[in-house]
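Novice: Predicted model and sequence below, questions to follow.
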Amino acid sequence: MAQLLSDEEIARRLSDSAWRREGEEIVRDWQFKDFAEAMAFVGRVAEAAEQANHHPDILVHGYNKVRLSLTNHAAGGLTEPDFAMAARFDALA
């Protein structure tokens, strides 16, 4: 099981990042041109998440907005794999 990160480690990883902390999750919002672009991004996220076996919560709202939330449920908080997946998702947008 992945080791939980300290509050200081989490803050350091979030500095200069579009991701933010909400409790025991990191969260990021994207806005796309239209619904089709938002859904295409969700498809890419789903494929990457399946490959890594690390799945975010996904919220599609306002027809062109997507919010991803990451945490390590098994570890009970934030771990290095959460930040690795966040970087992978950033590259997909």
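Specialist: Okay, I see it.

Novice: only C-alpha atoms for contact and neighbour calcs from this point on.
Specialist: Will do.

Novice: what are the ranges of the strands in this structure?
Specialist: Secondary structure of the chain (DSSP state E): strands at 20-22, 25-31, 57-61, 65-70.

Novice: so of those strands, which one's packed in deepest?
Specialist: strand 65-70 (a mean of 20; mean count of other C-alpha atoms under 10 Å).

Novice: Could you export it as CSV, CA atoms only?
Specialist: Written as CSV, here are the backbone C-alpha positions of strand 65-70 (Å, rounded to 0.1, in the frame of the first residue of the first chain):
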residue,chain,number,x,y,z
LYS,A,65,-17.0,21.5,-17.3
VAL,A,66,-15.2,18.6,-15.8
ARG,A,67,-14.0,18.2,-12.2
LEU,A,68,-11.6,15.4,-11.2
SER,A,69,-11.0,14.4,-7.6
LEU,A,70,-8.2,12.0,-6.5
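
Novice: For it, which outside residues touch it?
Specialist: By C-alpha atoms under 8 Å, 6 or more residues apart in numbering, the surrounding residues in contact with strand 65-70 are 25-32, 35, 38, 42, 55-60, 78, 82, 86.

Novice: how far off strand 25-31 does it point, in degrees?
Specialist: Here strand 65-70 runs at an angle of 160 degrees relative to strand 25-31 (axes from the mean of the first three to the mean of the last three C-alpha atoms, to 10 degrees).
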